[in-house]
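S.K.: sharing a sequence plus its predicted fold:
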Amino acid sequence: MILFIIKRVLAGFALLFGVSTATFALVYSGGGDIAGQLLGGDAGPEAVAAKARQLGLDQPLMAQYWHWLTHAITGDLGVSWYSSQPVLPTILQRLSVTLSIVVVALLVVTLASVTIGIVAALRRGWIDRVLQTASVIGLALPSFWVGLVLVIVFAISLRWVPATGFVPFQESPARWFASIVLPVVALGLAAASATAQQVRSAVIGVLEQDYVRTLRARGLSGTRVLWGHVLRNAAPPGLTVLSLQFISMVGGAVIIERIFAINGMGSLAVDSTLKNDIPVVVGVMVVMTVVVVLINLAIDIVNGFINPKATVAS
Amino acid sequence: MTESTVLENASQTSLAGVARRGVIRRLLRDPLGIASTLLLALIALIAIFAPLIVWNDPGVSQLDKVNASPGGGFLLGGDSAGRDILSRLLVGARLTLLGGLVAAGVAAVVGVGFGLAAGYRGKWFDLVSGWVSDLVMVLPSIIVLVAMFTVTGPNAVLAMFVLGIMLAPSFFRLTRSLVIQVKRNLYVDAAKVSAISDLRIVGRHIFTVIRGPLVIHFVLITSVAIIIQSGLDFIGLGDPNVPTWGSMLQDAFRSLYLSSTAYIWPGLAIALTVASLLLLGNALRDALEDVERAPRAARKANWVAPVRSTAPTASDALLCVEDLVISYRNADGGLNRVVDGVSFEVRAGEVLGLVGESGSGKTQTALAILRLLPTGGHVAGGRIVLDGEDLAHRSQREMTSVRGRRIAYVPQEPMSNLDPTAKIGSQLTEPIRVKLGLPRREAKERALELLEQVNITNPQRVFDSYPHEISGGMAQRVLIAGAVSCDPDIIIADEPTTALDVTVQAEILDILRRLRTERNLAVLLVTHNFGVVADLCDRVVVMQTGQIVEEGVVGRIFAEPRHPYTRALMSAMLTGRPSRRERSLQEAVQ
């Protein structure tokens, strides 16, 4: 188990290194152009050269990367070219906003999809058909459109919740809740549809296993076999789907934050991209990768506890 | 490998050939399949001919039409720049669909290419590409695309190219696992033996078999790409000069408080397109699975009248099966009889062999007695009388009290019949605690005792092991211990030795023999092996294509098999090494 975790952590570091290198190489390869773009079209060549020198862009790419990497290891991801704020604290502050929405969405998605998926797998029949239809609809409606419709109906027409903005939990739990309800629904609808489907097929897959029949043949009731054996065996694929959904919801938050004017990770990523604020762009990628690695590690460890064979197989 | 398995594989291959033609037909018989195909065709036609259809230039602004309501030549109103929403909607289909197709196309080419190579070649290439694919897979593609915007700029096609690479791992994994499945098939070996080049094997033999699932995946990935691309356009990272549904939504969003309906249409267009793609994918999947599940033509037996040596005497029978009929519901809603009018009985303490080749209905009969037939199968007629009580129409809840305590079950394949996530100990003690109401500690003692009785030398170690930590022979002993753990009257053993090594087989049979004498157990032994019959059984029932063809005591059957099918089964057995008792029986006959 320990060895398994160590392997996973090492793989995580490899991913982090790969992603940061690739991102860095791609976005910094603009060279002197970047300085020109930063200053705008009117800047003379000398001003551009000075700017490039100031930002270290005149150095060879490898040297820039080495400089960045040695600082990044100590947690220093540089400063924003626009606000001159250090990158990491800015990102972490924004990340907490995004995560507070995504984590709540994940909880809702998990509860809804696991319940619906299990019921559909056990009952089949009309419940199953309703789920199939609902999940096609849920997947087909783009989350940002759902967000727009929700804003129009619940914020603009009914005025039940504010249309935009985010209130931190510490400030007022009630207003925090009101501010995240719509984003959570918009984010979670597609994820819940997809996950319920996956949970359903995972449960059906386990129900068809030989050992389920053998356990039944020993005289254990269907309910007992379900709670004691089927769900534990269906959990690993379910958890994997949930981790993928988590990651895709973090991505989806980029768009949802736009609709609800929430200053999270996503708006930071989009704004810094549009402004060519490269240290922030690279920083966002690095932090996102860390988040992804941590989620996957957590899922792997849980899976390892549920199914001891998994730790041997990989 | 026997000739019959080769033939069976060959028939499956040709069946797959028929299947492909069948898929389209089945797709067009499915209403959702037709509807989604037609809708997609319509959307595609609109996308192709949009510039010829539109009557207002989608790029030209009319100041009096800014955020206008529908009417006055603008059927769906005007956007925030006074452009015709309907025209933009039709033209917007072009780049939206193109983007989806580019991304899915790149993903398919990269993913399938690497997947074929990794699955076919294996070794280091498989390892490395699998690793890279895992790395790419975990990154949220939208964030990567946002970051890449500094490199790609507002170039939709280039961005979709990047998205294609981000989506390639799903194709890679699908292709790889399909190739590995197909590679196990015999005809690929046959092709290898006949020295056909790898490229031709992959192209002709492997790709043709796996393309069905890949087409479905392509359809689904296209829908994913369309949603992601629209999302990018929506947050303003698209090409501002060419309308797409995403950028139209962005425009509608910016004037959300001014224009009441502009946000509806692009969203509907995306939802309709994506829903059609998803439904088409589902319909294709159903059509493919349907063809694969298509019932084989019912095998016609050369029907010869069954031969009975003893008339059934119901008085001393423990289990009495009368006129049992088992049917399966197939995809067309019709019924398929797999067991048709089977009657036999098992007396207390007796071992009855239920013999036949695979497909004869013997396992179905065994599972029907336990009332644990797979989905779709049910007892369609007859009675299953255990000690005077008919089980055929009991509810599952009522059966729960019969199973384990009255009837127990020893399965064929030991490893797949143990829950891989639970320790052997807990799997053994759970039924003991539930059925016999013993406290945890006594249940453990009993389980350890049982393990000892099935010749396990270190019961404590096995008790604490997970199934993957013990051997197949050990697992079969555990399953036998589990079967007798609640003192049943009869055990149904379904090919209990088939999956095991020859040396282990003999020992398992010994254990069964001993348990039977010690506990006066009745055993219904399902097998295709007359050697096992000779070793253990008192009487035999021979089944062929769902019916009983011969029945009698073992000595008589071996001495003078009357039915040609019985003789055929026995001659198949006699080519192998006869068992101890078999030899003595043969000697007795001579």
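M.R.: Happy to help now that I have it.
S.K.: how about the residues of the stretch 101-250 of chain A near chain B?
M.R.: A:132, A:136-137, A:139-145, A:148-149, A:151-152, A:156, A:208-211, A:213-222, A:224, A:228-229, A:232-233, A:247-248, A:250 (CB under 8 Å from any CB of the partner chain). C-beta: built from backbone N, CA, C; applies to glycine.
S.K.: for ChimeraX, what selects the buried ones among the residues you listed?
M.R.: Burial among these is assessed by 16 or more other CB atoms under 10 Å in any protein chain shown; the matching ChimeraX selection reads:
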select /A:132,136,139,140,141,142,143,144,145,148,149,151,152,209,210,211,213,214,215,216,217,218,219,220,221,222,224,228,229,232,233,247,248,250
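S.K.: sort out for me which of the residues of the stretch 101-250 of chain A next to chain B are in helices.
M.R.: Of those, the ones assigned to helices by DSSP state H are A:132, A:136-137, A:139-140, A:143-145, A:148-149, A:210-211, A:213-217, A:222, A:224, A:232-233, A:247-248, A:250.
S.K.: where do the strands sit along the stretch 351-500 of chain B?
M.R.: For the stretch 351-500 of chain B, the strands defined by DSSP state E, counting those that start in this stretch occupy B:351-355, B:377-386, B:389-390, B:407-410, B:490-494.
S.K.: right, and those - which one's nearest B:D538?
M.R.: strand B:351-355 (5.2 Å; CB to CB).
S.K.: partner strands of the closest one, parallel or antiparallel?
M.R.: Strand B:351-355 has the following sheet partners, assigned by DSSP bridges: strand B:522-527 (parallel), strand B:539-544 (parallel).
S.K.: let's have those in JSON lines, adding distance to B:S247 and mean neighbour count.
M.R.: Output for these, formatted as JSON lines (distance: least, CB to CB, whole Å; neighbours: other CB atoms under 10 Å in any protein chain shown):
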{"stretch": "strand B:522-527", "distance to B:S247": "66", "mean neighbour count": "26"}
{"stretch": "strand B:539-544", "distance to B:S247": "68", "mean neighbour count": "26"}
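S.K.: as TSV, those strands with mean pLDDT would be great.
M.R.: Formatted as TSV, those follow (pLDDT from 0 to 100):
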stretch	mean pLDDT
strand B:522-527	92
strand B:539-544	91
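S.K.: now distance to B:R371 too, for those, in TSV please.
M.R.: Shown next, in TSV, are those (distance: least, CB to CB, whole Å):
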stretch	distance to B:R371
strand B:522-527	14
strand B:539-544	19
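S.K.: got a list of what residue 144 touches?
M.R.: You didn't pick a chain, so chain A it is. A:A186, A:I255, A:I256, A:R258, A:I259, B:S230, B:G231, B:F234, B:L249 (CB atoms under 8 Å, 6 or more residues apart in numbering or on different chains).
S.K.: let me rephrase: I mean chain B.
M.R.: Residues near B:V144 by CB under 8 Å, 6+ apart: A:M285, B:V162, B:M166.
S.K.: before we move on, what about A:A269?
M.R.: By CB under 8 Å, 6+ apart, A:A269 lies in contact with A:V254, A:V281, A:V284, B:I143, B:V146, B:A147.
S.K.: let's see that with 7 Å instead.
M.R.: Shown in contact with A:A269 (CB atoms under 7 Å, 6 or more residues apart in numbering or on different chains): A:V254, A:V284, B:I143, B:V146, B:A147.
S.K.: and the pLDDT for the second one?
M.R.: What that stands for is A:V284. pLDDT recorded at A:V284 is 90.
S.K.: what number of residues lie near B:G82?
M.R.: When neighbours are counted by other CB atoms under 10 Å in any protein chain shown, B:G82 registers 16.
S.K.: same deal with B:R329?
M.R.: Neighbours of B:R329 (other CB under 10 Å): 13.
S.K.: which residue is the nearest non-sequential neighbour of it?
M.R.: B:G376 (5.0 Å; CB to CB, 6 or more residues apart in numbering or on different chains).
S.K.: A:R124 versus that neighbour, what's the distance?
M.R.: Using CB to CB, to the nearest Å, B:G376 is found at 11 Å from A:R124.
S.K.: quick one: the helices in the stretch 301-450 of chain B?
M.R.: Using DSSP state H, counting those that start in this stretch, the helices of the stretch 301-450 of chain B run over B:362-370, B:396-402, B:424-436, B:440-453.
S.K.: show residues contacting the shortest one.
M.R.: The one in question is helix B:396-402. A:G219, A:S221, A:G222, B:R371, B:L386, B:L391.
S.K.: with the longest one instead?
M.R.: By CB under 7 Å, 6+ apart, the surrounding residues in contact with helix B:440-453 are B:425, B:428-429, B:432-433, B:438, B:459-460, B:462-463, B:481, B:484-485.
S.K.: please report phi then psi for the residue nearest to B:R329.
M.R.: In terms of degrees, to the nearest 10, the main-chain angles of B:G376 are phi 100, psi -20.
S.K.: likewise for A:P60?
M.R.: For A:P60, the backbone dihedrals (degrees, to the nearest 10) come out as phi -60, psi 150.
S.K.: got it, and the one 3 residues further on?
M.R.: Recorded main-chain torsions at A:A63 are phi -70, psi -40, according to degrees, to the nearest 10.
S.K.: I'd like the distance between it and A:G56.
M.R.: With CB to CB as the criterion, A:A63 and A:G56 are 8 Å apart.
S.K.: check A:S80 too.
M.R.: 15 Å.
S.K.: so which of the two has more stuff around it?
M.R.: Under the criterion of other CB under 10 Å, the comparison of A:S80 against A:G56 puts A:S80 first, with 20 against 13.
S.K.: any idea how far the more buried one lies from B:L237?
M.R.: From A:S80 over to B:L237 the distance is 20 Å, taken as CB to CB.
S.K.: for B:Y120, same thing?
M.R.: 39 Å.
S.K.: more neighbours: which of those two?
M.R.: Comparing B:Y120 with B:L237 by other CB under 10 Å, the one with more neighbours is B:L237, at 26 against 21.
S.K.: got a pLDDT number for that one?
M.R.: Model confidence at B:L237, expressed as pLDDT, equals 84.
S.K.: does it really touch B:F149, like I thought?
M.R.: Yes: in this structure B:L237 lies within contact range of B:F149 using CB atoms under 7 Å: 5.0 Å.
S.K.: picking up where we left off before, so for B:P31, which of the strands of the stretch 351-500 of chain B sits nearest?
M.R.: Closest approach to B:P31 among the strands of the stretch 351-500 of chain B (CB to CB): strand B:377-386, 28.3 Å.
S.K.: centre of the chain versus the closest one, how much separation?
M.R.: Put simply, strand B:377-386 sits 27 Å off its chain's centre (CA atoms, centre = their mean, to the nearest Å).
S.K.: buried ones in it?
M.R.: By neighbour count with 16+ other CB under 10 Å, strand B:377-386 contains the buried residues B:G377, B:V379, B:A380, B:G382, B:I384, B:V385, B:L386.
S.K.: tell me the one among these nearest to chain A.
M.R.: Chain A has its nearest neighbour among these in B:G377, at 12.0 Å by CB to the nearest CB.
S.K.: any idea how far that closest one is from B:G359?
M.R.: Here B:G377 is placed at a distance of 14 Å from B:G359 (CB to CB).
S.K.: ok, B:K444 next?
M.R.: Note on B:K444: its distance to B:G359, by CB to CB, is 42 Å.
S.K.: neighbour count for the two, which is higher?
M.R.: Neighbour count, other CB under 10 Å: between B:K444 and B:G359, B:K444 has more, with 19 against 15.
S.K.: how about low-confidence regions in the chain?
M.R.: You didn't pick a chain, so chain A it is. Across chain A, residues meeting the criterion (pLDDT under 70) sit at A:30-33, A:40-41, A:308-314.
S.K.: you answered for a different chain; I wanted chain B.
M.R.: Within chain B, the segments meeting pLDDT under 70 span B:1-22, B:65, B:72-73, B:185-196, B:259-260, B:289-316, B:331-333, B:573-590.
S.K.: and A:A43, which of the three is it?
M.R.: Per DSSP: H, G, I helix; E, B strand; the rest coil, the secondary structure class of A:A43 is coil.
S.K.: thanks again, I'm all set now.
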